[in-house]
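In: predicted model and sequence follow; I will ask about them next.
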Amino acid sequence: MKPTPTQITIRLHCIDFPGRDFDGKSDIKVGPQKGDEVVDDVFGDAKQADFMFDLRVERNPKTGKPRFLGPYAHGKPDERFLYLCWGVRTGPLFQMFSRAKIQLSHLDWAAVETAARTKRPIEATVRLTDKKGGPLCASVKAEHIEWR
């Protein structure tokens, strides 16, 4: 019998927003990608925002590492990540132009168990402005994220 996946939440506390205008685009927004949709997006000049990612997690029986599941988990089964997407929203349509990839591979089973047991999210602070002053994109490097 397959074990029941553990339920956890990851909270990304986002700071250092780049502004609403970028590369000829106005009113840019950022938000988490859930499946094929961008949800809970905020304007690019927000002071701060917390994005919540509800995930199911199974323990890989071969490696003992977490395998993240659900509509927020993207990538190959053992190389999951979260997306923060940059774009312009017109009504329900979100026209994405870039996204930041938040890797989950460094999270171990002990962190997952603690989050599940305490019902507290795993948290990270993410600085959303890149070195050139624009929206942070591609795989997020250590200097832009701090896990707690």
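Out: Yep, it's here. Numbering: from 1, shown residues only.

In: quick one: low-confidence parts of this structure?
Out: 1-3 (pLDDT under 70).

In: which outside residues touch stretch 32-51?
Out: Contacts of stretch 32-51 with the rest of the structure, by C-beta atoms under 8 Å, 6 or more residues apart in numbering, involve 11-15, 17-22, 27-31, 52-53, 71-72, 74, 82-87, 89, 94, 96, 99, 128, 135. Every C-beta, even on glycine, is put in place using the N, C-alpha and C of the backbone.

In: out of these, which sit inside strands?
Out: 11-15, 29-31, 52-53, 82-87, 89, 94, 96, 99 (DSSP state E).

In: if you drop the residues flanking it in sequence, what lies closest to residue 28?
Out: residue 44 (4.3 Å; C-beta to C-beta, 6 or more residues apart in numbering).

In: run a quick neighbour tally on the one you found.
Out: 24 (other C-beta atoms under 10 Å).

In: if we can go back for a sec, from the contacts of stretch 32-51, list the buried ones, please.
Out: Buried members of those, scored by 16 or more other C-beta atoms under 10 Å, are 11-12, 14, 17-18, 22, 28-31, 53, 72, 74, 82-87, 89, 94, 99, 128, 135.

In: determine how far the last residue of stretch 131-144 lies from the first.
Out: 10 Å (C-alpha to C-alpha, to the nearest Å).

In: now stretch 120-131
Out: End-to-end distance for stretch 120-131, by C-alpha to C-alpha: 32 Å.

In: mind listing residues that contact it?
Out: Applying C-beta under 8 Å, 6+ apart, the contact partners of stretch 120-131 are 8-18, 30, 44, 52, 84, 100, 102, 107, 111-112, 114-115, 135-137, 140, 143-148.
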